[in-house]
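Visitor: no sequence for this one, just the structure:
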């Protein structure tokens, strides 16, 4: 992979990683409620799940590209339904200290990656457009996974930090913040379907 192509891949990863999506909105909502430190397990779960998606796409990209047209209509409905569920859970969330909510776990972040159509399409696009032409096997995995993870991880950290900064306002304005986050998740679900 040339340096130019690697730079284009990193730019692609950063643009998609910093845009609103299920991971970033969930991180923003969770860190604004619990703080960054309590959400680190979920953040690591997101990164681990994303790395697994990268490995799967590296190994099976050719087969997936031929299967995606057949399964994409079904995947997008499952993904959109999960986003609607996340929107509902976000909307009805109460401030910290109220109710018996659990802090989002590693498993929550990890499993989200396998239902997150944005991540799956992002990785498949990156591998089929930037990485696999001219690279195969373990080289393709390394060349793709780490720039993608860097771009996505940077976006995740920014959205987490924003949630941490909003935390002091969350208890006072939680209903408004939850409504905005839920509407953004519904918008993501709509974009998956269109």
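Guide: Yep, that arrived. Not measured: the values here are computed from a predicted model.

Visitor: Where does the residue lying closest to residue 20 once chain neighbours are set aside sit, in terms of helix or strand?
Guide: In space, and not counting its chain neighbours, residue 20 is closest to residue 184: 5.7 Å by CB to CB, 6 or more residues apart in numbering. All C-beta atoms are positioned from the backbone trio N, CA, C, and that covers glycine. Assigned by DSSP states H and E, residue 184 belongs to helix 137-193.

Visitor: list the helices and strands that helix packs on?
Guide: helix 3-18, helix 22-34, helix 40-91, helix 117-126 (3 or more CB pairs under 8 Å, 6 or more residues apart in numbering; DSSP states H and E).

Visitor: Of all those helices, which one comes closest to residue 105?
Guide: Closest to residue 105 of the helices and strands packed on helix 137-193 is helix 40-91 (CB to CB; 5.8 Å).

Visitor: need the contact list for residue 183.
Guide: residue 87 (CB atoms under 8 Å, 6 or more residues apart in numbering).

Visitor: Check the gap between residue 77 and residue 89 for me.
Guide: Per CB to CB, to the nearest Å, residue 77 is found 19 Å from residue 89.

Visitor: Residue 169: neighbour count?
Guide: 12 (other CB atoms under 10 Å).
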